[in-house]
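Colleague: What follows is a predicted protein model with its sequence.
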Amino acid sequence: MMPVNLNVSAMLERAELFFPHKEVVSRTKEGMHRFTYKEIGARTRRLSSALQRLGVGVGDRVGTLAYNHHRHLEAYFGIPGLGAVIHTINPRLAPEHIIYTINHAGDKVLLVDEELLPLVEKIQSRLPSVQAYVVMSDSSSVPPSSLQPLYAYEGLLMEGDPRFPFYKDLDEYAPAGLCYTFSAAGAPKGVLYSHRALVLHSFAVGLADTFGLSEADVCLPVVPMFHVNAWGLPYAATWFGAKQVLPGANFTPEVLAKLIEREKVTVTAGVPTIWMGLYPLLEKGDYDTSSLRAVVCGGSAAPPALIQRYEENLGIPFYHAYGLTETTPLVTVARLKSYQETLSGEEKLALKSKQGLLVP
């Protein structure tokens, strides 16, 4: 058997090869965008080549301050595809924490959503490692900003190579991603994800007794892409060729309901407050959610009443999951075993409200 390194870029290459016509639907402040995996692949390669021209090389850190959209998805693959490390930064953190994580990571380049530029402008003087800034928007020109040097993402892509070869045979234990976790005690702690870890985690997301994500699914990750890689869904969905729906910034329950109905979403994931906010809207029956086969909830414990309402009142399967930044993140999923299906409703709800079974 031939040994092959498990590399992140190979997951996108599979989507390019076998699912070139499947879609990535992306909501940004400029509107809705639709790309095929063939187009996403070409754009990602353009990004890798552009970052290389900016001096990014193997092992360098590239930070992202961005929401859930196609450009962030391209960064998920384009940065590791160059042998560099993507550092997803939570823009909701206090400025001091953002400064600390960027400096601790040693980010060389920052990719920043246009609406987040003011945040970075205020702290630029305290980011000695950052050598370039890239603004992510639909425009190919840069907006007025004190950030220097500042490049337009779309402008860089126009000059990039759509056939840029991703680096091959990177050590699968080499770092590909970086997230920071926080606690009440001490400074934020960085967690490095190897190529191997991200690929194996994607395997786990596709297991039938986990989320069972497959090519037939339409995946809507509501959990932010700056939060533990959106629980690994963008990586897995790309690898398996699932259609992806990325909701962007400042979404509302109405936006999510419309996306679920229009795009026929089958799998979605987010924290309990998302599903608490969405439930009253869905309860009115104004939106068709019949396509949904799984609502995945994590980040904190889901109230049993919430699980019950989705399953009994809306007929939508609701899965309680648990994970940690340090575990890539999925650890357990609460699914009933086959012999538990005959239990009473109260007994089944009690099981579904627990942490569940360890993911293989």
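Modeller: Received the coordinates, thanks.
Colleague: V205 against G232, yeah?
Modeller: Yes - V205 is within contact range of G232, at 5.5 Å (criterion: C-beta atoms under 8 Å). For every residue, glycine as well, the C-beta is placed using N, CA and C.
Colleague: residues bridging contact with those two, i.e. touching both?
Modeller: Listed as contacting both V205 and G232 by C-beta atoms under 8 Å, 6 or more residues apart in numbering are L330.
Colleague: For K264, give me its contacts.
Modeller: 218, 291.
Colleague: Contact partners for Y180?
Modeller: So Y180 contacts 89-90, 101, 104-105, 188-191, 325 (C-beta under 8 Å, 6+ apart).
Colleague: 7 Å instead?
Modeller: 101, 188-190 (C-beta atoms under 7 Å, 6 or more residues apart in numbering).
Colleague: A strand includes it, no?
Modeller: Yes - remark: Y180 belongs to a strand, assigned using DSSP: H, G, I helix; E, B strand; the rest coil.
Colleague: List the beta-bridge partners for it.
Modeller: In this entry, Y180 is beta-bridged to G190, by DSSP bridges.
Colleague: pLDDT weak spots in the stretch 1-150 of the chain?
Modeller: Across the stretch 1-150 of the chain, nothing is flagged by pLDDT under 70.
Colleague: mind listing the strands for it?
Modeller: 23-28, 31-36, 61-65, 85-88, 107-113, 132-136, 150-152 (DSSP state E, counting those that start in this stretch).
Colleague: so which of those strands gets nearest M225?
Modeller: strand 85-88 (6.5 Å; C-beta to C-beta).
Colleague: partners of that closest one in the sheet?
Modeller: Assessed with DSSP bridges, strand 85-88 is paired to strand 61-65 (parallel), strand 175-181 (parallel).
Colleague: tell me the domain ranges of this protein?
Modeller: 36-192, 195-358 (automatic domain parsing).
Colleague: Dump those domains to a markdown table, plus distance to V24.
Modeller: What follows is those, written out as a markdown table (distance: least, C-beta to C-beta, whole Å):
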| stretch | distance to V24 |
| --- | --- |
| domain 36-192 | 6 |
| domain 195-358 | 5 |
